[in-house]
Each structure stands twice: as structure tokens, then as C-alpha cells.
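Peer 1: Need coordinates for the below:
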Amino acid sequence: MMVNVLVLDDDFFVGQIHARYVDEVPGFTALEPVRDLKAARVVIAENEVDLLLVDYVLPEGTGVELIRETDIDAIVLSAVTDPQVVRSSLRAGAMTYIVKPFAAEVLQNFLRRYARFLRYWERDKVGQTDLERQLRNLHDAAAVGGTGASPAGSSTTTRILTALEEASGPMT
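Peer 2: Prediction:
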């Protein structure tokens, strides 16, 4: 399954950089980045978009407006660090909020966790214990070898998961 990602950032170069970060993660492809809400709405109407990466501050409003009006998973990428803005973004439906500037690995590690999270929904029923584990893993970089992970926690399990995610076919 390929995850189509739309990057919305009013800075052309920043949008291109974030799209490149996305394209470097197996299973993800970035659509051409857009710079305003109007263009984002057009892309969403004309394409299958699975994930939004939106800047908070835009010339004509906020990226959170787009999150509120769509039923698409979304991440806010913003330099705004006001706790109320972050909280309101999460309340509006953002899966996470990543503060700019950030290293490529911060976004890419979240995308890898998100890919595992997506696979969870391919089942017939949701179990409470499994659901809680999935939600924890989605937001806990250390749980799957992201930043802050201990060497022991990031070694074999993470390498196996990464190898499986990057495989072009079945593996043993």
C-alpha cells in the first residue's frame, strides 16, 4: 500500500524539503507540495490523499482549518510553539505536532510508526489492548527505535521492522 501525502506550506522551499523527507520513506509518496488552502482543496478534490502535512501559519488562515474540514489523517509541522495553538491543533484532529525546524528523522520516524498504525486497521475488530498498544507506539518514538530510544530497544526489533517495511516482496 502506498500512502499519498500532501504537503501544505506557504514557503516553497520548506514544502519541497518536507516532500523529499516523505519520499525517502518506503511506502510513502509526496504529491506536489502546495502553498495555500485553496490549492490544497483542489488537490484533495482531484487526488487520493491519505495524509496531510500542514503548516499552521498560512497567508489566508491556518492549516488546522483544512484538518477540520477533511476526514484525512494529518500532522501539523510548524514553528509556532504556543501551547494553546499546539493543543487546539491536536483537538482539531492532528495526529501529532512537529515543531520546526526538525531533522528529517523526526518526521520519517513518525511516518514509519504511522505505517504500522495503518496496518492495524486492516482487521475485522478492534481489541482494547491492541488499540492501546498501537496508540502508544504511534506517539512513542522510543518504543520503536526513534529518537531517545535506548540502544537495546532500537537494535534488532527496529531493524527487522524496517527491513520488512522496505521489502519489495515477501521475506522470511
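
Peer 1: quick one: the spatially most central residue of the chain from residue 22, how far?
Peer 2: For the chain, residue 111 is the residue whose C-alpha lies nearest the centre (CA atoms, centre = their mean; 4.8 Å). For residue 111, the distance to residue 22 (CB to CB, to the nearest Å) stands at 7 Å. For glycine as for every other residue, the C-beta is placed from the backbone atoms N, C-alpha and C.

Peer 1: any common contacting residues for these two?
Peer 2: residue 28 (CB atoms under 8 Å, 6 or more residues apart in numbering).

Peer 1: does the residue nearest to the centre of the chain count as helix, strand or coil?
Peer 2: Per DSSP: H, G, I helix; E, B strand; the rest coil, the local secondary structure of residue 111 is helix.

Peer 1: What part of the protein, helix or strand, is modelled with the least confidence?
Peer 2: Lowest on mean pLDDT, DSSP states H and E among the helices and strands of the chain sits helix 151-154, with a mean of 42.

Peer 1: So, low pLDDT: which residues of the chain?
Peer 2: Residue ranges of the chain with pLDDT under 70: 141-172.

Peer 1: how about the strands of it, start to end?
Peer 2: Under the criterion DSSP state E, strands of the chain are mapped to 3-8, 28-30, 51-54, 57-58, 61-62, 73-78, 96-99.

Peer 1: And the last one, what does it pack against?
Peer 2: Under the contact criterion of 3 or more CB pairs under 8 Å, 6 or more residues apart in numbering; DSSP states H and E, the helices and strands touching strand 96-99 comprise strand 73-78, helix 83-92, helix 104-120.

Peer 1: between the ones you listed, which gets nearest to residue 139?
Peer 2: helix 104-120 (7.9 Å; CB to CB).

Peer 1: Pull out the buried residues from that closest one.
Peer 2: 106, 107, 108, 109, 110, 111, 112, 113, 114, 115, 117, 118 (16 or more other CB atoms under 10 Å).

Peer 1: now do stretch 56-72
Peer 2: 56, 58, 62, 63, 64, 66, 67, 70, 72.

Peer 1: Columns distance to residue 10 on top of the residues you listed, output as JSON lines?
Peer 2: JSON lines is the format used below for the buried residues of stretch 56-72 (distance: CB to CB, whole Å):
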{"residue": "56", "distance to residue 10": "10"}
{"residue": "58", "distance to residue 10": "5"}
{"residue": "62", "distance to residue 10": "11"}
{"residue": "63", "distance to residue 10": "9"}
{"residue": "64", "distance to residue 10": "14"}
{"residue": "66", "distance to residue 10": "13"}
{"residue": "67", "distance to residue 10": "16"}
{"residue": "70", "distance to residue 10": "18"}
{"residue": "72", "distance to residue 10": "19"}
